[in-house]
Structure formats: structure tokens, C-alpha cells
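> here's a sequence, model it:
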Amino acid sequence: MANDTFIEERSLGLQIDQVPVVFDERSRRAFVVSNKFVLVFNPQTGKREEILRHDNTVVGCYYREGKLNTFTAVGEYCVWDPESGKLQFCKQLNLSSIAFVHTVEGGSDESTMVFVLGAEEGSTVQKVYRCSAELSDEDGDFSFECVFAPVPLPQSRRHIAFGKDFVVICRGKIVEMSPLFGSAKKAARYELLQEFERIVDNSKVVWNGVAVHGDAVYVTLNIGRVYVWRHVASAGLTGKNRSFFHPGQTEIVQAVSAQHTVFCGTGECSVARYGFVVEGAGRWQSATKLSGLQASVTAIWLSTDECVLAVVLENTRLLFVKTSTMTVLASAEQILWPIEKTLALKSDPLRPDMLVSNARPGVVQWIKPSEWKTKEELDVCEANVPNRVHVLYNEFHSWSEVSVCCLTTDMIVTVERQNNEDRTCTAKFWRRSIVKDVDGESFKVRLEDSFDFDEDLIVSVRGDEDVDAKNFVCKLKPLYNQEHTDEIFIGLDNKGYFYIFKADPERFGGWCYDRLHRTNWQKSSVVHQSSLRSNIFASINHLANSPDSTYLLLWNVDNDRLRVEHVEDSIANLKSVEWAPSGNETTFRYLLYASDHVIGSYDIEALCSMWTVACSGSSLFVTPSLCLAGNNSEYCIFDPEDGRKINAAKFSSDQKIVLATGDLSHYDFVGYDKEEMTVLRNASKKSETTVNPLKKKTPFSDLVEINTNEQASEETFALEATVANKLFDGAAPSLAPVTYLAPLFIRSCLIK
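Numbers count the residues shown, from 1 in each chain. Next up, the predicted model:
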């Protein structure tokens, strides 16, 4: 395959809290902006229906007259047909850059006003422009009228909001209301002077969000309070027309309806609905809450008809909430990407098309990168979701998080710890299996055993990750022959000591480790550790007195003891080591390694390198069927037998870590860091889901299948239910229809 068979997709589904979610007029579709993409969801089911791809970052959109209108950061304006997902037209505006787009809904006889913060062609000064033409008309004149020049510019989209003829901006402790050019409104200003006793440093208390609806202004304070000014046209921003309520303890986000109902998303993993009972300051109904969400809320937006609320959580989960009952309608088909990634992406030998990571503290997820979706989740810690940290109150919480995850074909081993603990952790052993039912294959996981580990912090666990190598055995002379087993795992702590985690012979389903027989090689630290194969694994160590030198160690698990069988010191600057894919008997005994300058293979029976290939700054990634190596942005799939390059691909930017999913017939490259993920998707084939229709099971499903095929009619069938009386056994209501039983009855009578 050539390089051009790969299409790069970056952060599709991530950073969805930056641009407001837009709905159609009946809330049948939700349009979610994610970098260069607009994702179209069905709010009732959460299904992702379309992906609208742009060449540049999308900074704003709005829906009108059955069309979706989008703006990009370079001043492009695009009109889409949501029904077909096709681009109708795209034009360049007379703006060189756009920071964001803000829309103000008009009344029944007024059109939607569109405000754009951007810079004109040939200028770098950003101003606020109002659309003065019908943008949805392809032949229209796209002209903009400058209505405001903010100095300085707002730091975030949330810090500015527009009314019909005025703008409100919050900066630090100051809220300012300014008239748009040509408006008769008076400017107003409010400064927060109040000191709060519980706050450690009151200088950090600032305004962090503003919303305008009609003649009312809603401003959020980062201590979890919402201030409301009503009748600002006549009264301005004063203490007389001001009221407030306190829905949270940390930063909150808000959305306001036409009836001045305020929806607040909090750091306590909840969404609350507040409404005025009567006119007056501070008289509010008791809140109707939706609590127990899986993460803190980062953004919320109302639909056009105000029936649906889009809620974005910190782990990028998107929920659609029914506003009348404050219940969840659906969770969007979306990739989860938490802020704190305690568990790096890794492959699953049983599911090569997926990667494993953490979905939120204490939960592991399976991601399908080709679809940018989270397919399954496993709640490891089974603990309450942590609230957002109360920095201003100097209050910090503790929670459990998964720091290590090891996957084999039969087991999953996880290590969890408290975020404020440096040593104590808990190892859990999960038995996994494949269950086949009428809906197809499903993967089941059950907890088998767990134990607390308080020696030191476990940083790595590896087991036998082979899939198709049950008939091969590695022999490392003068080792004893070891049978292949999946019931042993090797743990590594942060001080370089190895431990054996094994099945307890005294307890069925139990697991244990030997506290007395931990092993370290010459007080060295471990750079990397391979998986197990025939009870053999490799590690890369370096000594404290010679940090520039690395050693390749071959270990053997013999009678529940760890022994170093061979030390290889001829390979310089080693970075990682892994077993070659196990399907080939020749390469089964090969270790693949990567150093600063080369990648190569090492034969553990001949105790020598078999081949090396120059590759500067290389990194290594191996799955049961793929071998990947590269540096920065260029990566290749290679043959483990001789190092021959099979295919190569290049990212548009440098990647911290690169993995691969799939097999040799069809694979994708996945690069990621803590902020984003990039997928080089194989365009030669489309990722398709094959649905195998299954016949419904009935009491008569064991009857012989009647084949109308002419060839089959000549065959002799051995039938189990050929006796006519058998067809009529049972109560009459439970029998099949006569139209079904009659042919069977006649056929059974004719068979000799």
C-alpha cells in the first residue's frame, strides 16, 4: 500500500466544549463542533449520523431554514444539507481570520443575528462584525458591518455575550456592558469588591462566564455563584437590580431559556434547573437536579425549542437531557478523553482493532480509533466519581484511579491506587471470555481475585500476550523446558524490583504474590520490560554508576523464582524490547528491540542479533500481527523476520507515541499525547459492520429446515421430528400456525 492510502484525522470528537452545540428546529439533530469536524447526532438515540469534514478549524455554526451554516478560522463560510450530509457551497468571506461566532435568536418576525469576532483582509486587528446580508444565499454579497471593537480582547468565548444592541464582557473582577455602534443604550460597569471568608486567596475570585437573554444579564463567578441583573436597559449593572444564587462549589457553566430558567452544570457532577417564582431579587424555585454524572460538567447548551439540553462532561462524554424532567435521553456515540490520562493507550491481543485507555478515574475503556468511538467500559474501582478540586477553598479530594493495565487472551490485570498514595495499591485479576448469543459475540469480564500491594508502587505488569503460539516453546540454554501458561504475571515496582503474580494453588480462582522473593539486578533501574513467552521475558536495565550504558537481560521463571539467564551488553542506548509476533515458528524466539539509532531482532537461542536496520530516534510497538517502528512523524510496518519495510506513513506533526490497530490486511496508525489523538485511517477499505441476521428461536426451531432448493429436494434427510403426532404436542395456544404445520405434517407422512 502507498502512503496516499491513509487519511489523517485529528481529534475527531475531542474538544467538543469549545463551540456551542446547535440543534435543528425540532431537536431531531444536534450539530457538535470538534476541531475540523461537525458531528451530527440524533439526540433521541445518541447515534452519530454524519461527519461534516472541513479543511480548517470550525469556529462557529448556526442552523436556519433547514441548512447548517458553518464558519472556519480562516474566514470560510460553508452551507451544508443535514439530510444528505453534503456541502452545498463554500465561499471565502472578506475576513482573514475568525475567532468565534455568536448568534442571537430573533423573534417571530425577526431573523437570527450573527456576530463574528475576526479581522478584515489585510488587518490583524480583531473587531466584532454583524452580518448585513443573507448568508445562506450563494449569490449574496457577504458583507459585514463593524459594530464593536473590544479592547482588550476577551480571553475566552464564555467571557463575551451579545444582546440585540449591546455587548457584555467580563474581565477579572469587572463586568462591562457596552452599546453597539449606533445604539442609544448607555454603558454600565460593575466591579466585584466583596471578600469571601472561606476563600484562601480572594484575588483569584473572578468572573468566568456571561450570558444575555432579552433584558437580563447572567454572570458566573468561579466560586460557583451566578449573579443576575434584570432590566439592564433602564437600571444598568447596579446592586439594586442584582440577585444571585449559589448552585455549586467550583466553577459552573450555565444556559438560559426564554422564560429565564437557568440550567447550571457544576463540578459536583450534576446539572440543576432553576426558575423564578415571582418577580424580585433572589426568589428562586428549589432546583431540579440531575446528579450522579460520570464526570464534572464543562459545557451546556439549550436546543432551539428548549426541550433538550446538551451536556458535555470533562471526559468528553456528551449527554442529551430532557429539560422538562431533567432525565437523560441518550448518551452520544462518542470517544471518551479524560483530562487526567493515568493509563496510556495500549493494544488488546484479543481485540486487535481496539485500544485500551482510561475513560475516567477508575474506569477502563475500549476505543475503536477507526470509528472514533468508545465501544465498552469496565468499572475497575467501583468508586464514586470525584468532584472538581476546590482550589479556591484549598480543599482536595482523594479518589481511586487505574494506573496499570495488562491484557492477555484470558485475563486482565489492573492496578489501582489512590491519587494521594505513593506506595499502597491494589491488584485485581479479571477473567475474560467470549460469549456467543443471538446478538453475536460479546466479551464478558468478571472479577476473580484481588490483593493489596504495599511494598512499593507497581508501575508495570506483563503476562503472556501471545494469541496463536500454543504449539511453540522457547528454549534458552541451559534452561529447563517450560510449558506455556497464562497464569503467571510479572510485576515491576518503581524501584526496579520484579515480582511474580501467580494463581494460588490452594484457592481456586485466587491469586497471590511472594513477598520474600522479589528480584532486582545489581540495584539497577528498569527502562522497559517485555511480555512473557514460555515463561521467558526480557528487560532493559541501566546501572546508577553508568547511566549511559544499557543492558538487555533475559529472565526465566523457574520454580516460582526469577533468574537472569543472560546479559547482553553489546547493544547501545536501548529504549524498548518486545517479543516478535508469535504466529511464525522462526520469529517466535526473536526479541525485537529499539535504540536511539537502530531497530533489530535478537535470537534468544543463538544469543545474538539477527538483523539491524538504521532508524534514528526509533520507537517500537508490537501486536500479535503487526510490528511498528519510527520516529517523530514517520513510521513504518516491518517484517520481523528480516526487518524489511512493508509500508510507511507520515503524520503531519510529531507524535509522542504511535500505535497500530488491525492486522496486515488492513491497519491504521494511531498517534497520541495527553491533549489529542491523530489517526492515519486506511482509505483502501471502509470500516464496515457486518450484521448476520439470526432467525428467532421458537419451540419449533429444532424441526427440520424445509429446503425449497431443487438440488436439496433430492437428498435424503435424517430428521429427528418426523412423527406427525410430535407436531401437535402441547397446548393449542402455543402451537405454530396451521399454514406452518400443514406442510410439515404432509412432509412427515411422506418420508419413508
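> number of residues surrounding Gly60?
Around Gly60 there are 24 other residues, counting by other Cβ atoms under 10 Å. Where you see a C-beta, it was placed from the backbone N, CA and C, and this is true even at glycine.
> for it, give the beta-bridge partners.
With DSSP bridges applied, Gly60 shows beta-bridge pairing to Phe71.
> begin at 553, not 1, for the rest of this chat.
Understood, numbering begins at 553; the last thing we discussed is Gly612.
> my guess is it contacts Val653. True?
Yes. Between Gly612 and Val653 there is a contact under Cβ atoms under 8 Å: 2.5 Å.
> need the residues touching each of those two.
Phe623, Val668 (Cβ atoms under 8 Å, 6 or more residues apart in numbering).
> show me the shaky parts of the stretch 1003-1152 of the chain.
Along the stretch 1003-1152 of the chain, segments meeting pLDDT under 70 span 1020-1038.
> which stretches in it count as strands?
1010-1014, 1040-1045, 1050-1055, 1063-1065, 1077-1081, 1088-1095, 1098-1110, 1113-1120, 1126-1131, 1142-1147, 1150-1155 (DSSP state E, counting those that start in this stretch).
> out of the ones you listed, which is the most enclosed?
Sort the strands of the stretch 1003-1152 of the chain by mean neighbour count, taking mean count of other Cβ atoms under 10 Å, and strand 1142-1147 sits at the top with a mean of 25.
> angle of it against strand 1113-1120?
Between strand 1142-1147 and strand 1113-1120, the angle comes out at 60 degrees (axes from the mean of the first three to the mean of the last three Cα atoms, to 10 degrees).
> how distant is strand 1142-1147 from the center of its chain?
Its chain's C-alpha centre and that of strand 1142-1147 lie 31 Å apart, by Cα atoms, centre = their mean, to the nearest Å.
> using a markdown table, lay out the strands of the stretch 1003-1152 of the chain together with distance to Ile712.
Output for the strands of the stretch 1003-1152 of the chain, formatted as a markdown table (distance: least, Cβ to Cβ, whole Å):
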| stretch | distance to Ile712 |
| --- | --- |
| strand 1010-1014 | 45 |
| strand 1040-1045 | 51 |
| strand 1050-1055 | 55 |
| strand 1063-1065 | 57 |
| strand 1077-1081 | 49 |
| strand 1088-1095 | 53 |
| strand 1098-1110 | 52 |
| strand 1113-1120 | 62 |
| strand 1126-1131 | 48 |
| strand 1142-1147 | 49 |
| strand 1150-1155 | 52 |
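> and of those strands, who's closest to Thr966?
strand 1010-1014 (8.4 Å; Cβ to Cβ).
> so what strands line up beside that closest one?
strand 1040-1045 (antiparallel).
> outside of the strand it pairs with, which residues touch it?
So strand 1040-1045 is contacted by 958, 963, 965, 979, 1005, 1007-1016, 1050-1055, 1065, 1070, 1078, 1081, 1084, 1087, 1089, 1107, 1109, 1114 (Cβ under 8 Å, 6+ apart).
> how long is stretch 769-784 from one end to the other?
Stretch 769-784 has an end-to-end distance of 7 Å (criterion: Cα to Cα, to the nearest Å).
> what about it, average pLDDT?
Here stretch 769-784 scores 93 as its mean pLDDT.
> buried set for that stretch?
769-782, 784 (16 or more other Cβ atoms under 10 Å).
> so which strand or helix has the most centrally placed residue in the chain?
The centre of the chain sits closest to Leu888, judged by Cα atoms, centre = their mean, with a distance of 2.3 Å. Taking DSSP states H and E as the definition, one finds Leu888 inside no helix or strand.
> do Val863 as well
Following DSSP H and E, one finds Val863 within strand 860-865.
> partner strands of that strand, with direction?
strand 849-854 (antiparallel), strand 870-874 (antiparallel).
> any regions of the stretch 1153-1302 of the chain where pLDDT drops low?
Those would be 1237-1289, 1292, 1299-1300, 1302, if you go by pLDDT under 70 across the stretch 1153-1302 of the chain.
> can you pull out the helices in it?
Residue ranges of the helices in the stretch 1153-1302 of the chain, as given by DSSP state H, counting those that start in this stretch, are 1290-1302.
> that one: strands as residue ranges?
1160-1166, 1171-1174, 1179-1183, 1186-1190, 1197-1202, 1209-1215, 1218-1224, 1229-1234.
> pLDDT weak spots in the stretch 753-902 of the chain?
If you take pLDDT under 70 as the line, the stretch 753-902 of the chain has these spans: 828-837.
> how about 90 then?
766-767, 785-786, 791-792, 798-802, 810-812, 827-840, 890-896 (pLDDT under 90).
> okay, strands next: where are they in it?
759-765, 768-773, 777-782, 794-797, 805-808, 814-817, 823-826, 840-842, 849-854, 860-865, 870-874, 879-883, 898-899.
> each with direction, which strands does the third one pair with?
So the one you mean is strand 777-782. strand 768-773 (antiparallel), strand 794-797 (antiparallel).
> what's the angle from the longest one to strand 759-765?
So the one you mean is strand 768-773. Using the same axes, to 10 degrees: strand 768-773 against strand 759-765 is 160 degrees.
> starting at the chain centroid, how far to strand 768-773?
On Cα atoms, centre = their mean, the centre of strand 768-773 falls 32 Å from the chain's centre.
> ok, residues contacting that strand?
713, 720, 722, 727, 729, 744, 757-764, 778-784, 789, 803-806, 808, 812, 814.
> okay if I get the strands paired with strand 860-865 as JSON lines plus distance to Asn1183 and mean neighbour count?
What follows is the strands paired with strand 860-865, written out as JSON lines (distance: least, Cβ to Cβ, whole Å; neighbours: other Cβ atoms under 10 Å):
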{"stretch": "strand 849-854", "distance to Asn1183": "35", "mean neighbour count": "22"}
{"stretch": "strand 870-874", "distance to Asn1183": "36", "mean neighbour count": "23"}
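> would JSON lines of the ones you listed with distance to Val1119 be doable?
Output for the strands paired with strand 860-865, formatted as JSON lines (distance: least, Cβ to Cβ, whole Å):
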{"stretch": "strand 849-854", "distance to Val1119": "51"}
{"stretch": "strand 870-874", "distance to Val1119": "52"}
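> among these, which comes closest to Phe1173?
strand 870-874 (30.2 Å).
> what angle separates the closest one from strand 879-883?
Interaxial angle, strand 870-874 versus strand 879-883 (the same axes, to 10 degrees): 140 degrees.
> what's strand 870-874 in contact with?
568, 582, 584, 593, 595-596, 598, 823, 842, 845, 859-865, 879-884, 886.
> got it, and stretch 753-764?
Residues contacting stretch 753-764 (Cβ under 8 Å, 6+ apart): 710-715, 718, 720-727, 744, 747-748, 751, 769-775, 803-808, 943-944.
> for PyMOL, what selects the buried ones among those?
Entered in PyMOL, the line below selects the buried ones among these, by 16+ other Cβ under 10 Å:
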select buried, resi 710+711+712+713+714+715+718+720+721+722+723+725+727+744+769+770+771+772+773+774+775+803+804+805+806+807+808+944
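> narrow the contacts of stretch 753-764 to those in helices?
Within the contacts of stretch 753-764, no residue falls in helices by DSSP state H.
> so which of the strands of the stretch 1003-1152 of the chain gets nearest Pro1176?
Comparing those by Cβ to Cβ, strand 1126-1131 comes nearest, at 9.8 Å.
> now that closest one - C-alpha only, PDB.
Below are the C-alpha coordinates for strand 1126-1131, written out as PDB (Å, rounded to 0.1, in the frame of the first residue of the first chain):
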ATOM      1  CA  LEU A1126      18.300   0.500  24.200                       C
ATOM      2  CA  LYS A1127      14.900   2.000  24.700                       C
ATOM      3  CA  SER A1128      12.300  -0.800  24.400                       C
ATOM      4  CA  VAL A1129      12.100  -4.500  23.800                       C
ATOM      5  CA  GLU A1130       9.200  -6.800  22.800                       C
ATOM      6  CA  TRP A1131       8.600 -10.300  21.600                       C
END
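> what angle do it and strand 1150-1155 make?
Interaxial angle of strand 1126-1131 relative to strand 1150-1155 (the same axes, to 10 degrees): 40 degrees.
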